[in-house]
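[1] Compute the structure for the input listed below.
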Amino acid sequence: MSAREFRTVLTDLSYLECPRWHDGRIWVADFYTGQVLSAHADGSDLRVEAEVPEQPSGLGWLADGRLLVVSMRDARLLRREGDGTLVTHADLAPYVSGHPNGMVVDAQGRAYVGNFGFDLMSGADIETASLLRVDPDGSVHVVAEDLWFPNGSVITDDNVLIVDETLGNRISAFDIAPDGSLGPRRDWAVFGDLPPSRSLAEAIPLGVVAPDGCGLDAEGMLWAADALHGRVVRVREGGEIVEEIATPMGVFACMLGGADGRTLFLCSAPDFAEEARRNAREASLLAVTVDVPHAGRP
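    Numbers count the residues shown, from 1 in each chain. Take a look at the predicted model:
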């Protein structure tokens, strides 16, 4: 277990997701305040970039620089126009079986969006989920199915989509075709077996690594938040964990950024329980310096 010094960037928030380094600032979505926030790397000059009453999550940008943000509870992908107003970019409701969540946007402005697949917060039985592609014109396409909670995702510089399957003990990869369609799923990393039961209570204790929000580095390795074990892990393709950093609280997403790309930003909270996080302000954005800089998208 690696020992590195943490810095607190932001604090007194509800539950942070989807950190993104963009235009020299760190951006995050705060679920239960309904805000998209940005700040300098040290937390100064904090701004509210958007108000999303139905719970913001995944963040990305179109090729022309307009912000995209997932609105979870009404299953929409929103677009921020030049005057700051939010409009519906795509209606995801007909295509999802749980809240849409993680998202990565490619250089052409195509957004790849995952969803829970089932009602996580009520403790419903696990159902696998589809992965969507939303094109710049707002059209929605199912590009992969039968994924175990498709969550954090990145796109490599050679056009491979890597998707964390938080409840599947695995990370999957797909080759991206020129038209944005995906090739067959393949294992990128496997940490254990798929759950033998669809019972959430029975499956969670079997999670060896529960990969959540993630970021790619210049050596082709993936930093992934382990949502069940209070750590971030640096994973080599094939599944070897080459470094892990324990966090003071739970950690649910991470992203490399900063001026030299070596700042690993960590979205930390005591847990992911909706009622507890909605009614408290205990979440923080932490930062730690690592050795290898950012690569890929986001």
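[2] surely residue 214 meets residue 254?
    Yes: the pair residue 214 / residue 254 is scored as a contact, 6.5 Å apart, by C-beta atoms under 8 Å. In this view, the C-beta of every residue, glycine as well, is placed from N, C-alpha and C.
[3] list residues touching both of those two?
    Counting by C-beta atoms under 8 Å, 6 or more residues apart in numbering, the residues touching both residue 214 and residue 254 are 223-225.
[4] Filter those residues down to the ones in strands?
    223-225 (DSSP state E).
[5] I'd like these as CSV, with distance to residue 275 appended.
    CSV is the format used below for these (distance: C-beta to C-beta, whole Å):
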residue, distance to residue 275
223, 29
224, 26
225, 21
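[6] Nearest to residue 12, out of those: which one, please.
    residue 225 (20.5 Å; C-beta to C-beta).
[7] got the contact list for the closest one?
    152, 211-214, 232, 251-254, 266-267.
[8] Wasn't residue 216 part of a helix?
    No: the assignment for residue 216, made by DSSP: H, G, I helix; E, B strand; the rest coil, is strand rather than a helix.
[9] Would you check that it makes contact with residue 162?
    Yes: with contacts counted by C-beta under 8 Å, residue 216 reaches residue 162, the gap being 7.3 Å.
[10] Are there residues contacting both of the two? Which ones?
    Taking C-beta under 8 Å, 6+ apart as the contact rule, residue 216 and residue 162 both touch 154, 156, 222.
[11] Please, where are all the strands along the stretch 151-298 of the chain?
    In the stretch 151-298 of the chain, the strands defined using DSSP state E, counting those that start in this stretch lie at 160-165, 170-175, 186-190, 211-216, 222-226, 231-235, 241-246, 250-257, 263-269, 283-289.
[12] could you dump these to a markdown table with distance to residue 21?
    Shown next, in a markdown table, are those (distance: least, C-beta to C-beta, whole Å):
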| stretch | distance to residue 21 |
| --- | --- |
| strand 160-165 | 18 |
| strand 170-175 | 21 |
| strand 186-190 | 23 |
| strand 211-216 | 9 |
| strand 222-226 | 13 |
| strand 231-235 | 16 |
| strand 241-246 | 18 |
| strand 250-257 | 3 |
| strand 263-269 | 7 |
| strand 283-289 | 11 |
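[13] Quick check: which of those is nearest to residue 11?
    The closest of the strands of the stretch 151-298 of the chain to residue 11 is strand 283-289. By C-beta to C-beta, the value is 4.6 Å.
[14] List the contacts of the closest residue to residue 94 other than its chain neighbours.
    Spatial nearest neighbour of residue 94, excluding adjacent residues (C-beta to C-beta, 6 or more residues apart in numbering): residue 140 at 7.9 Å. Residue 140 makes contact with 90-92, 94-95, 132-134, according to C-beta under 8 Å, 6+ apart.
[15] Also residue 27?
    So residue 27 contacts 18-21, 36-38, 49, 59 (C-beta under 8 Å, 6+ apart).
[16] quick one: it is in a strand?
    Yes: according to three-state DSSP, residue 27 belongs to a strand.
[17] beta partners of it?
    Applying DSSP bridges to residue 27 yields these beta-bridge partners: residue 20, residue 38.
[18] pLDDT at it, what is it?
    Residue 27 is assigned 98 on the pLDDT scale.
[19] From residue 270, how far out is it?
    23 Å (C-beta to C-beta, to the nearest Å).
[20] Next: residue 114.
    For residue 114, the distance to residue 270 - C-beta to C-beta - is 24 Å.
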